[in-house]
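[1] Quick one: sequence and predicted model below, then my questions.
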Number of protein chains: 2
Amino acid sequence: MAIPRYTVWGLPGIPEIGPGDDLVNLIGAAVEVSESEDSDAALRDGDILVVTSKIVSKAEGMQVPVADRERAIAQDTVRVVAERVHPGGVTKIVETRHGLIMAAAGIDTSNVPDGLALRLPEDPDRSARALCEGLRKRFGVSVGVIITDTLGRPWRVGQTDVAIGAAGMIVTDDLRGGVDANGRPLNVTITVLADELAGAADLVKGKATGIPVAVVRGLARLVTGLDAPGARTLVRSVDDDMFRFGSAEAYRLGYEAALAELRAQPAPKSKSVKQE
Amino acid sequence: MAIPRYTVWGLPGIPEIGPGDDLVNLIGAAVEVSESEDSDAALRDGDILVVTSKIVSKAEGMQVPVADRERAIAQDTVRVVAERVHPGGVTKIVETRHGLIMAAAGIDTSNVPDGLALRLPEDPDRSARALCEGLRKRFGVSVGVIITDTLGRPWRVGQTDVAIGAAGMIVTDDLRGGVDANGRPLNVTITVLADELAGAADLVKGKATGIPVAVVRGLARLVTGLDAPGARTLVRSVDDDMFRFGSAEAYRLGYEAALAELRAQPAPKSKSVKQE
């Protein structure tokens, strides 16, 4: 049996990105410099590029003055999911217009020039498609692209990187109806490859290294056409979401609903009149 | 600058595991067979072995008759977090005695012999430590070990693998108080390396391939002493948990609390008496 194996490496040489920069050109140039030092660094069919959303946002001009940060958060917020006041300030978990649930609508000031904050890309799947198409054309190879951001999660500490945009690759392995190695039905249903890859790439990109792009080689089976569904499909539908609100928020909604119902209830006398 | 790079591969040759099997011996033998075919497959200092919890459970005798599945779920459940009835049955999200929030307390029948269900390992960090210590002794190299399971998550579809046990490695990269590549404070705080690695390994292990162990090479900076904190430290504390209950459950608690308060309220007359 062939041993399944892949390699992940960070792509050095991406400069600080500003509004209007052409990411295909800049990533392409970084690949070419790497390639000149090591021919194995040339992109190949089946490679997947994992790109930190921050550089996509910068290229797309999503910078806002830091003074407008709160307004930008409001602008990118569809609804507040949970809110908590603590000594350091207010943590506000919101749903963004992308369907992502995250703190402060993903608006961030780290790795951003002084005085600026950065919004997420307008449409990360569209950004991924443009990058994927551009890199495929430039190098004549069939690559996939993932755009990542760093998200907290309930119940477990800290953050991991997940896919907020994807193009040219299969984002999930849908095992529903499949069988295990012994032919028995699999309980596990949908493995989210794109999120697992986003995390895998973070281990070489890191937050403090200044390397915003990783290359994954050895998972060519995941690379496919440009019309494949993107990362937007990874957002759980409302109907299927058992954690639509923070516990405190849902508790308060229930509490207020009970009060409102009781207030709307007619007084005993008028009620008996009504029943007649 | 050295290019950060690592490789992940699936370790073939692990047989079906049964109660009492010695995982150090069986993984060790599989490594030796691989090594006889390719000397690069010999374990080295800094390698990390990522092991599917299923084989750990099987070796530890965590099998239960499938008829006792519901009882086993109850046994491993500390509290019910959320519950939903749907056409296919009831989805019950619970907190396990390990602090994990997951469906059916992680009790699973896929990749398990007919008639049996499988509970999670009793103490996955302890299991990881035993494996790590055993492999370090057998091969005379300093490796790390992660034990993984497959978890769903709120807000995003599907499942990813996360670390439920870990030994001999750094499970998080705590960047709080750190700075970015430009010397500015990092907003992102704790990168959960062990979860990102668990997902990375799943991409070669998979659910349907029968490969329960992956080897990660190139992240030796994460490998450390056997006394390093395990995966239990990845469980968010109750105080810090904004999603302790499903939205429907929290709503109901709030609703019932309002009713109970009103019922406990003395009638207007006695109330005014009380005020005097």
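    Structure received.

[2] Next, name the residue at the spatial heart of chain A.
    Among the residues of chain A, the one closest to the centroid is A:Ile164, at 2.6 Å (CA atoms, centre = their mean).

[3] isn't it right next to A:Ser53, touching?
    Yes - A:Ile164 is within contact range of A:Ser53, at 5.9 Å (criterion: CB atoms under 8 Å). Placement of C-beta: from N, CA and C, glycine included.

[4] which residues are common contacts for these two?
    Common neighbours of A:Ile164 and A:Ser53, counting by CB atoms under 8 Å, 6 or more residues apart in numbering or on different chains, are A:120-121, A:124, A:147-149.

[5] Format those residues as a markdown table; extra columns: secondary structure and neighbour count.
    Output for the shared contacts of A:Ile164 and A:Ser53, formatted as a markdown table (DSSP: H, G, I helix; E, B strand; the rest coil; neighbours: other CB atoms under 10 Å in any protein chain shown):
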| residue | secondary structure | neighbour count |
| --- | --- | --- |
| A:Leu120 | coil | 27 |
| A:Pro121 | coil | 25 |
| A:Pro124 | helix | 28 |
| A:Ile147 | strand | 29 |
| A:Thr148 | strand | 30 |
| A:Asp149 | strand | 27 |
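
[6] Check whether A:Ala104 really touches A:Ala72, as I assumed.
    No - A:Ala104 lies out of contact with A:Ala72 (CB under 8 Å); the separation is 9.3 Å.

[7] So which bits of stretch A:34-47 are buried?
    A:34, A:41, A:43, A:46-47 (16 or more other CB atoms under 10 Å in any protein chain shown).

[8] any chance of those in CSV, with pLDDT and secondary structure too?
    Formatted as CSV, the buried residues of stretch A:34-47 follow (pLDDT from 0 to 100; DSSP: H, G, I helix; E, B strand; the rest coil):
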residue, pLDDT, secondary structure
A:Ser34, 96, helix
A:Ala41, 96, helix
A:Leu43, 98, coil
A:Gly46, 98, coil
A:Asp47, 98, coil
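
[9] filter the residues you listed by proximity to chain B?
    A:Ser34 (CB under 8 Å from any CB of the partner chain).

[10] Would you point out the most distant pair within the buried residues of stretch A:34-47?
    The most widely separated members of the buried residues of stretch A:34-47, counting by CB to CB, are A:Ser34 and A:Gly46 (17.5 Å).

[11] Which residue is the nearest non-sequential neighbour of A:Gly158?
    Closest residue to A:Gly158 apart from its sequence neighbours, by CB to CB, 6 or more residues apart in numbering or on different chains: B:Ile190 at 3.3 Å.

[12] ok, now A:Gly254?
    B:Gly254 is the one closest to A:Gly254 (CB to CB, 6+ apart), at 3.1 Å.

[13] ok, now A:Ala258?
    Per CB to CB, 6+ apart, closest to A:Ala258 is B:Ala258, 3.6 Å.

[14] ok, now which ones touch that neighbour?
    A:254-256, A:258-259, A:262.

[15] in chain A, what secondary structure element scores lowest on mean pLDDT?
    Ranked by mean pLDDT, DSSP states H and E, the weakest helix or strand in chain A is helix A:268-275, scoring a mean of 44.

[16] In whichever strand or helix holds A:Tyr6, which residues are buried?
    If you go by DSSP states H and E, A:Tyr6 is part of strand A:5-10. Neighbour-count burial for strand A:5-10 flags A:6-10 (criterion: 16+ other CB under 10 Å).

[17] Farthest-apart pair in the residues you listed, please.
    Maximum distance among these (CB to CB): 14.7 Å, for A:Tyr6 and A:Gly10.

[18] remind me which residues of the stretch 101-250 of chain A are low pLDDT?
    Low-confidence segments of the stretch 101-250 of chain A, defined by pLDDT under 70: A:177-188, A:207-208.

[19] just the strands in it please.
    Counting by DSSP state E, counting those that start in this stretch, the stretch 101-250 of chain A has strands at residues A:101-103, A:116-118, A:144-152, A:159-167, A:173-174, A:190-191, A:213-217.

[20] Can you say which of the ones you listed is packed in most?
    Scoring these by mean neighbour count under mean count of other CB atoms under 10 Å in any protein chain shown gives strand A:159-167 as the most buried, with a mean of 29.

[21] now it against strand B:159-167, angle please.
    150 degrees (axes from the mean of the first three to the mean of the last three CA atoms, to 10 degrees).
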